[in-house]
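In: Just to be clear, the model below is a prediction. Sequence and coordinates:
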Amino acid sequence: MYNKMTIKTSECRLKKNILKAIETYNKYRSPEAFAKLIDIKEDKTVVNFEGIFCYTCGIRDWIEDLVYILMDHGLDAKLVAYIEPPTNSDNYRIGILRS
């Protein structure tokens, strides 16, 4: 049976791994794309992506790259939702990942 301390430790470890993965992502993708953690709730991670994305490469690919980096950091991640801004002139996207 898990106690509150075990759950908190697990949540801290998850957040630490996610932040490390985002740091790695930004190291190789910035300035074209820059990821920032917005929230972690249960098994969902919400990440904001800003930048001058390469539109011809497919913007979704820029977000899916984070999924592969999360997996390299030992997390079982999957992109479950992708939110586009109301206009194409806005340079951000939101990725919702299961982690």
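Out: Nice, I can see it.
In: show me where this structure has strands.
Out: Taking DSSP state E as the test, the strands found in the chain are 33-41, 44-51, 78-83, 92-98.
In: and these as JSON lines, adding distance to Glu23?
Out: Placement of C-beta: from N, CA and C, glycine included. Shown next, in JSON lines, are those (distance: least, Cβ to Cβ, whole Å):
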{"stretch": "strand 33-41", "distance to Glu23": "9"}
{"stretch": "strand 44-51", "distance to Glu23": "12"}
{"stretch": "strand 78-83", "distance to Glu23": "19"}
{"stretch": "strand 92-98", "distance to Glu23": "16"}
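In: In CSV, list those along with mean neighbour count.
Out: Listed next are these as CSV, based on neighbours: other Cβ atoms under 10 Å:
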stretch, mean neighbour count
strand 33-41, 15
strand 44-51, 18
strand 78-83, 13
strand 92-98, 18
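In: elements contacting the lengthiest helix in the chain?
Out: If you go by DSSP state H, the chain has its longest helix at helix 4-29. If you count contacts as 3 or more Cβ pairs under 8 Å, 6 or more residues apart in numbering; DSSP states H and E, helix 4-29 packs onto strand 33-41, strand 44-51, helix 59-72.
In: And these, which one averages the lowest pLDDT?
Out: Lowest mean pLDDT within the helices and strands packed on helix 4-29: helix 59-72, at a mean of 91.
In: which parts of that one are buried?
Out: Ile59, Trp62, Ile63, Glu64, Asp65, Leu66, Val67, Ile69, Leu70 (16 or more other Cβ atoms under 10 Å).
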